[in-house]
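A.B. asks: no letters, just coordinates:
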């Protein structure tokens, strides 16, 4: 695994990419470490900032609950959790609640019972349209509890 500190230029470009995030959540970042998990998949870590970069999309880390709570979300049925935590896309029958979001927005997936975040993805439909559907994919699951990023974080945290 490659690890390096991003240059000022790379950090500035990253901050430009964060414009999809809620406005008050764009952090001040210096000396950001990048861990290359796979080709075009990086784990970005700084003091209070933990994110994931997949190709050109930057997602909040599912374990950073303070940051994640400012993003739109859906609540899923408890029966959908095991599939989501194995990387499955989030389908309409499993979603029981929608906050407002637009197509291609970053959306957090939470369980209905404990309201804990279990995954982060990109919306494939607007929430208003998704509410009217009875089936189909609604969110592309890009990062979830138990994936490679989650396991790497546990490993880094122990060091």
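C.D. replies: Sure thing, it's come through. All figures in this text were calculated on a predicted structure; none of them were measured in a lab.
A.B. asks: now residue 139. Its backbone dihedrals?
C.D. replies: The phi and psi torsions at residue 139 (degrees, to the nearest 10) take the values phi -130, psi 130.
A.B. asks: for it, give me its contacts.
C.D. replies: Taking CB atoms under 8 Å, 6 or more residues apart in numbering, we find residue 139 in contact with 74, 89-90, 107, 109, 121-124. Where C-beta positions appear, they are placed from N, C-alpha and C, glycine not excepted.
A.B. asks: repeat that for residue 73.
C.D. replies: Taking CB under 8 Å, 6+ apart, we find residue 73 in contact with 99, 107-110, 117.
A.B. asks: narrow the contacts of residue 139 to those in strands?
C.D. replies: 74, 90, 107, 109, 121-123 (DSSP state E).
A.B. asks: now for these: which two are most distant?
C.D. replies: 74 and 122 (12.4 Å; CB to CB).
A.B. asks: more neighbours: those two, which one.
C.D. replies: Comparing residue 74 with residue 122 by other CB atoms under 10 Å, the one with more neighbours is residue 74, at 25 against 18.
A.B. asks: low-confidence regions, this structure specifically.
C.D. replies: Residues of the chain that meet the criterion pLDDT under 70 lie in 20, 23-27, 158-159.
A.B. asks: re the thing from before, tell me which of the ones in strands among the contacts of residue 139 is nearest to residue 43?
C.D. replies: Distances from residue 43 to those, taken by CB to CB, are shortest for residue 121, at 17.1 Å.
A.B. asks: not counting sequence-adjacent ones, nearest residue to the closest one?
C.D. replies: In space, and not counting its chain neighbours, residue 121 is closest to residue 139: 4.1 Å by CB to CB, 6 or more residues apart in numbering.
A.B. asks: who's that neighbour bridged to?
C.D. replies: Following DSSP bridges, residue 139 is listed with bridge partners residue 90, residue 123.
A.B. asks: do you know how far it is from residue 148?
C.D. replies: Residue 139 sits 19 Å away from residue 148 when distances are taken as CB to CB, to the nearest Å.
A.B. asks: quick one, domains of the protein?
C.D. replies: Using automatic domain parsing, the domain parsing of the chain gives 2-61, 67-144.
A.B. asks: of those domains, which is nearest residue 157?
C.D. replies: Nearest to residue 157, of the domains of the chain and by CB to CB, is domain 2-61 at 9.9 Å.
A.B. asks: any idea how far that closest one is from the chain center?
C.D. replies: In terms of CA atoms, centre = their mean, to the nearest Å, the centre of domain 2-61 is found 12 Å from the chain centre.
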